[in-house]
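Undergrad: Model the structure of this input:
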Amino acid sequence: MENKQNWPPQRVQLNSEKRVLFLTKDLDLIRKQLHEGLNLRMEDLSIDDLLDDINTDVMTPAWVCFDHLPEEIAKNAYAGLVDANGERVIGSRELMDGGFEAIVSGLRKGTGSSRETAAQCERWSGIRYVFAASFAPIHERNNLNLGQLMGDHEMLQRLQRGEELDLQEFTQKYDAVTQLIIESGGLFNFSRKVQEGKIDLPSNETGKQPMTMAEKMVAARMLNPGADGAFVSANDAVLAKVDAGFSHEFTTAQVHTFLQEEYGEDYRVENASKLAVFEDHLLYADGVARFAPFVEKIQTMRDLQREFQMHTSVRDYQARDGISPGICHQIAREEFIEPGDFVQATDSHTCMGGASNALAYGVGATEYAALAQSGFTFVRVPESIRFELKGELSESCTAKDVILHILNTFAKREDTLNRSMEFGGPGLANLSVDERATLCNMATECTARTGICEGDSALANWLAARRPGKTAEEIATTFIAPDEGAVYAGGVHTIELATIQPMVAEPGDPTYGNTIAALPETGIHIAYGGSCTAGKVDDFELYAQVCNEALQAGMKVASGTSFFIQYGSKAVKDHAQEKGWIELFERAGVILIEPGCGACIGCGPGVSDHSDQVTVSAINRNFAGRSGPGQVYLASPLTVAASAFTGKLTAYQRGMFSTDSSRPAAPSAS
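TA: Model (predicted):
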């Protein structure tokens, strides 16, 4: 591990022997910088010239994450940045061998998955300065934890003119604790100094005041309270105890390696009974043709996760006889996330735990390793935005349509950026606990920090059914509610559920949605229901409802269309078996898949094979190439199931099959 001795410099200037790489919308300009020595200057460019929304799948596609060693990750930096012909813009080793020390992009750098390899691929390629107009919150934190210095375009202009900048210019926008992390050269050095008593933590200065749900949950676990006690407000910087966490086979190898390198072979973790490892992401990788070259690396990651679990005795949810007990986010809420818990895990959809009235969000492997060892973590208290739900959804809509609506409005305007999305109001009672999990799960697609739902009798009963020895009444006493008068920087917004229409996110980005009614007729080849977002019990009830109606009308899955449904956990499968849904699905022509992440990360049945294939999917994100080379529309479980029987994008309506017996086949695909 680096960044321990001479980093960061107190005075920052660009190295005349190093270069700056501008990630421009004109991809040929990137190639000219790499291959022809073209040197660009920020003063000659505008923000409109730079790439926006560079997501972490672009920086390190899933197959790059099969490596856990620095050089292997660095050599494939930006392997997902491709041109119209599918050719890589930045080839193997080109970033690390190009002599670059700084990299520049536009708005919202690092959206999407929390994968820390996205920050690591730059860091281990020699990049020490990252400039952008704005950063996605998890990606920004990953950079800071690695000791990267992050700045804006104006700072880069000054540096390119030959100015020296004080380190304070890179740190001043951050809170006092983050400044200490940067000045320490990264998170591990900071955590070690705290444990050794070498850093005096500044007391939090916020006095007694009303708090949001996120604020109350952080305050209850704060290690550096102020004179008035445990109170925080948005943007306060504190250290807080962590109640629960987990990692999966995509990330545990790095966690294990980091802890060994930083704390020795005999390292220990805190609170092992509420930490866990999962085997869910790469379960079917061995059977995916494009992953064939990486089978040995994938097995190494599995082996290192088993080694970590045996060493630490954390909860074990690894596959047995090739079958996983389920997706991490689903099992965590089923088995060990409790109301009021503060949960951290190495996956951006950790925020799904917010449906259980908990504060949960994703972090990188560095941050997770540090908190697992110490039992505490850094928290910059998020601002909050509140959604008051009213009324009921139409029978054609689900919570997925609600969150697609929020994405296409509030998230598109960046109203949700890095904020805690708080869900409450009388309409929340009309959404099941599983439906609330859909809202919280996709908070990360809104580039929010997390989503949290208020607790009520429905949640208390749901948890009591899964917590032997606890009654709903006892559980209800642990709920965290916002205080009257709490401050919502993002505002309080009413959503009339009855006005929500069936929606899809159009291919390429979950943010850009449309109503199905506004789209032209679109044939589909694949319908996929599953993932943490849509593999829950209530999702399966919706799939079963549509399948039952189709069968009663004498219909099966449309010719030329494949309909895949994948369980979110063993408990979901067991429930489907008890209800008779499995036999129902099989009669309808559905292809059922054992629990796992599957097609959501391009790793299992349900991915497209050709670029001209069209998929309607109930997963949470549809970045190009994520679920195969074809186009992916995101939709609700109802829309996915209805479309599977019509062979085209179709909004569900009760009784639709009995009045319309037409069954158009999907368009041909080469």
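
Undergrad: going forward, measure contacts and count neighbours with C-alpha atoms only.
TA: Noted.

Undergrad: who touches the helix ranked longest in the chain?
TA: As assigned by DSSP state H, the longest helix anywhere in the chain is helix 295-312. Residues outside helix 295-312 that contact it (CA atoms under 8 Å, 6 or more residues apart in numbering): 66-67, 248-250, 252-253, 256, 268-269, 272, 277, 279, 282, 285-286, 315-316.

Undergrad: Filter these down to the buried ones.
TA: Neighbour-count burial (16 or more other CA atoms under 10 Å) is assigned, among those, to 66-67, 248-250, 252-253, 256, 268-269, 272, 277, 279, 282, 285-286, 315-316.

Undergrad: for the residue at minimal distance from the centre of the chain, what are its contacts?
TA: Closest to where the C-alpha atoms of the chain average out (CA atoms, centre = their mean) is Ser348, at 2.4 Å. Ser348 makes contacts with 112-115, 361-363, 444, as judged by CA under 8 Å, 6+ apart.

Undergrad: Please apply the same query to Asn620.
TA: Residues in contact with Asn620 (CA under 8 Å, 6+ apart) are 442, 445, 510, 531, 533, 600, 634.

Undergrad: Check Val12 too.
TA: Taking CA under 8 Å, 6+ apart as the criterion, Val12 is in contact with 164-167.

Undergrad: at 6 Å what do you get?
TA: When contacts are counted by CA atoms under 6 Å, 6 or more residues apart in numbering, Val12 touches 164-165.

Undergrad: In PDB, could you pull the C-alpha coordinates for the helix or strand of the chain with the lowest mean pLDDT?
TA: For the chain, using mean pLDDT, DSSP states H and E, the weakest element among its helices and strands is helix 656-659, scoring a mean of 82. Output of helix 656-659 as PDB, limited to C-alpha atoms (Å, rounded to 0.1, in the frame of the first residue of the first chain):
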ATOM      1  CA  MET A 656     -56.000  -7.200 -20.500                       C
ATOM      2  CA  PHE A 657     -55.500 -10.700 -21.900                       C
ATOM      3  CA  SER A 658     -59.200 -11.700 -21.800                       C
ATOM      4  CA  THR A 659     -60.000  -8.700 -24.100                       C
END
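
Undergrad: counting contacts, what elements does it pack onto?
TA: Packed against helix 656-659, as judged by 3 or more CA pairs under 6 Å, 6 or more residues apart in numbering; DSSP states H and E, are no other helices or strands.

Undergrad: Now do the buried residues in it.
TA: Buried residues in helix 656-659, counting neighbours by 16+ other CA under 10 Å, are found at Phe657.

Undergrad: Now tell me what touches that helix from outside.
TA: Residues contacting helix 656-659 (CA under 6 Å, 6+ apart): 550, 553.

Undergrad: Repeat that for stretch 34-50.
TA: So stretch 34-50 is in contact with 23-25, 32, 105-106, 157, going by CA under 6 Å, 6+ apart.

Undergrad: which of the residues you listed are buried?
TA: Among the contacts of stretch 34-50, the ones that count as buried by 16+ other CA under 10 Å are 23-24, 105-106.

Undergrad: which one of the residues you listed sits closest to Asp52?
TA: Asp52 lies nearest to Gly106 out of these, by CA to CA, at 4.7 Å.

Undergrad: Could you pull out the strands in the stretch 251-400 of the chain for me?
TA: For the stretch 251-400 of the chain, applying DSSP state E, counting those that start in this stretch gives strands covering 275-278, 315-317, 342-345, 359-362, 376-380, 384-390.

Undergrad: Return the most buried member of those.
TA: Comparing these by mean neighbour count (mean count of other CA atoms under 10 Å), strand 359-362 ranks first with a mean of 30.

Undergrad: who does that strand touch, helix- and strand-wise?
TA: Partner elements for strand 359-362 (3+ CA pairs under 6 Å, 6+ apart): strand 342-345.

Undergrad: I'd like to know the average pLDDT value across the strand it packs on.
TA: The average pLDDT within strand 342-345 is 97.

Undergrad: How far does stretch 625-636 sit from its chain's centre?
TA: The chain centre lies 16 Å from the centre of stretch 625-636; the measure is CA atoms, centre = their mean, to the nearest Å.

Undergrad: My error: substitute stretch 409-419 in the last question.
TA: Its chain's C-alpha centre and that of stretch 409-419 lie 15 Å apart, by CA atoms, centre = their mean.

Undergrad: mind listing what's buried in that stretch?
TA: Using 16+ other CA under 10 Å as the test for burial, stretch 409-419 gives 409-412, 414-419.

Undergrad: Domain-wise, how is the chain divided?
TA: Annotated domains of the chain cover 11-192, 240-379, 382-499, 504-659 [automatic domain parsing].

Undergrad: Report the separation between Cys532 and Ala332.
TA: 11 Å (CA to CA, to the nearest Å).

Undergrad: repeat for Pro137
TA: 23 Å.

Undergrad: repeat for Ala289
TA: 31 Å.

Undergrad: Settle it for me: which of these two has more neighbours?
TA: Using other CA atoms under 10 Å as the criterion, Ala289 and Ala332 rank with Ala332 on top: 23 against 10.

Undergrad: Was I right to think Arg315 contacts Lys274?
TA: No: using CA atoms under 6 Å, Arg315 is not in contact with Lys274; the gap is 7.0 Å.

Undergrad: In CSV: the buried residues of stretch 409-419, plus pLDDT and distance to Thr377.
TA: Shown next, in CSV, are these (pLDDT from 0 to 100; distance: CA to CA, whole Å):
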residue, pLDDT, distance to Thr377
Thr409, 97, 33
Phe410, 97, 29
Ala411, 96, 27
Lys412, 94, 30
Glu414, 93, 26
Asp415, 97, 26
Thr416, 97, 23
Leu417, 92, 21
Asn418, 91, 18
Arg419, 97, 18
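
Undergrad: Closest to Glu87 out of the residues you listed?
TA: Using CA to CA, Lys412 comes nearest to Glu87 of the buried residues of stretch 409-419, at 29.1 Å.

Undergrad: What would stretch 37-49 look like as PDB? C-alpha coordinates only.
TA: Extracted in PDB, the C-alpha atoms of stretch 37-49 (Å, rounded to 0.1, in the frame of the first residue of the first chain):
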ATOM      1  CA  GLY A  37       1.000  13.300 -27.400                       C
ATOM      2  CA  LEU A  38      -1.700  16.000 -27.800                       C
ATOM      3  CA  ASN A  39      -1.700  18.200 -24.700                       C
ATOM      4  CA  LEU A  40      -4.900  20.100 -24.000                       C
ATOM      5  CA  ARG A  41      -5.500  23.000 -21.600                       C
ATOM      6  CA  MET A  42      -8.500  23.600 -19.500                       C
ATOM      7  CA  GLU A  43      -8.700  27.200 -20.500                       C
ATOM      8  CA  ASP A  44      -9.300  26.200 -24.100                       C
ATOM      9  CA  LEU A  45     -12.200  23.900 -23.200                       C
ATOM     10  CA  SER A  46     -15.600  24.300 -21.600                       C
ATOM     11  CA  ILE A  47     -17.600  22.000 -19.400                       C
ATOM     12  CA  ASP A  48     -19.700  21.100 -22.500                       C
ATOM     13  CA  ASP A  49     -16.600  19.600 -24.100                       C
END
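
Undergrad: No more questions from me, cheers.
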